[in-house]
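Student: have a look at this fold, sequence not included:
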């Protein structure tokens, strides 16, 4: 069964709206979670690493004020796309590392469509 | 992360074996070789991983070259549900995030 739960799976909203995506680790604690973005016909791009109890680490070119990450507990990380615009439409995927040298676990993704 | 090279696409007939190649000539001694696949509109799914020895699990087999500069993912009997993009990724030991390349798009023909 899924070890990482991501919600919602699909969002359609108007331009200017802020959208929150939740990522939960099931049955294990994740002090770190990874957020990826995937545009159509492209590969996954790492956006940021969220860390429980401290600030997230963003990859180069990712706007911190645009993509707010909160790692509120050992089982929950959230990504908020603030004032979303059509160019933010994408497939957002969260992930949690497994044990050392073990597989990384992925959520099912959130398809975000901004009108 | 060290770079991997995979063919853009491959095609297989249903119920036949599939060998998906991956070149990673700059692999370091501590890099693990991971394979994931992504079905349409889903998050990536773990397939298999290894360090030096060949590995088998219920999904696939991983054959690693003796010099570790290449590896092959083997699906023993392709089904239509195996149609996906397959990613070969080198990962440092520990919990660093996976860095995805373009992968190989596998089509399975009935």
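Tutor: Done, it's in. Here the structure is a predicted model, which is why all the values come from computation and not from measurement.
Student: residues near residue B:109, how many?
Tutor: 11 (other C-beta atoms under 10 Å in any protein chain shown). Heads up, the C-betas are built off the backbone N, CA and C, glycines and all.
Student: residue A:114: neighbouring residues, count only.
Tutor: Residue A:114 has 20 nearby residues by other C-beta under 10 Å.
Student: an error on my part: the question was meant for residue B:39.
Tutor: Residue B:39: 13 neighbours (other C-beta under 10 Å).
Student: surely it meets residue B:45?
Tutor: Yes: here residue B:39 reaches residue B:45: they are 7.1 Å apart, a contact under C-beta atoms under 8 Å.
Student: shared neighbours, those two?
Tutor: Residues touching both residue B:39 and residue B:45 (C-beta atoms under 8 Å, 6 or more residues apart in numbering or on different chains) are residue B:84.
Student: three-state assignment of residue 99?
Tutor: Since you didn't name a chain, this refers to chain A. Following DSSP: H, G, I helix; E, B strand; the rest coil, the label given to residue A:99 is coil.
Student: try again with chain B
Tutor: Per three-state DSSP, residue B:99 ends up coil.
Student: does it really touch residue A:43, like I thought?
Tutor: No: here residue B:99 does not reach residue A:43: they are 9.4 Å apart, not a contact under C-beta under 8 Å.
Student: tally up the residues packed near residue A:16, please.
Tutor: 10.
Student: look at it and tell me its secondary structure.
Tutor: Applying three-state DSSP: residue A:16 is coil.
Student: which residues sit in contact with it?
Tutor: A:83-85.
Student: out of the residues you listed, which are buried?
Tutor: residue A:84 (16 or more other C-beta atoms under 10 Å in any protein chain shown).
Student: closest one of the contacts of residue A:16 to chain B?
Tutor: residue A:84 (19.9 Å; C-beta to the nearest C-beta).
Student: need the contacts of residue A:16 in JSON lines (columns: distance to residue B:91 and secondary structure).
Tutor: As requested, these are arranged in JSON lines below (distance: C-beta to C-beta, whole Å; DSSP: H, G, I helix; E, B strand; the rest coil):
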{"residue": "A:83", "distance to residue B:91": "35", "secondary structure": "coil"}
{"residue": "A:84", "distance to residue B:91": "32", "secondary structure": "coil"}
{"residue": "A:85", "distance to residue B:91": "34", "secondary structure": "coil"}
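Student: of all the contacts of residue A:16, which comes closest to residue B:27?
Tutor: Nearest to residue B:27 among the contacts of residue A:16 is residue A:84, at 39.5 Å by C-beta to C-beta.
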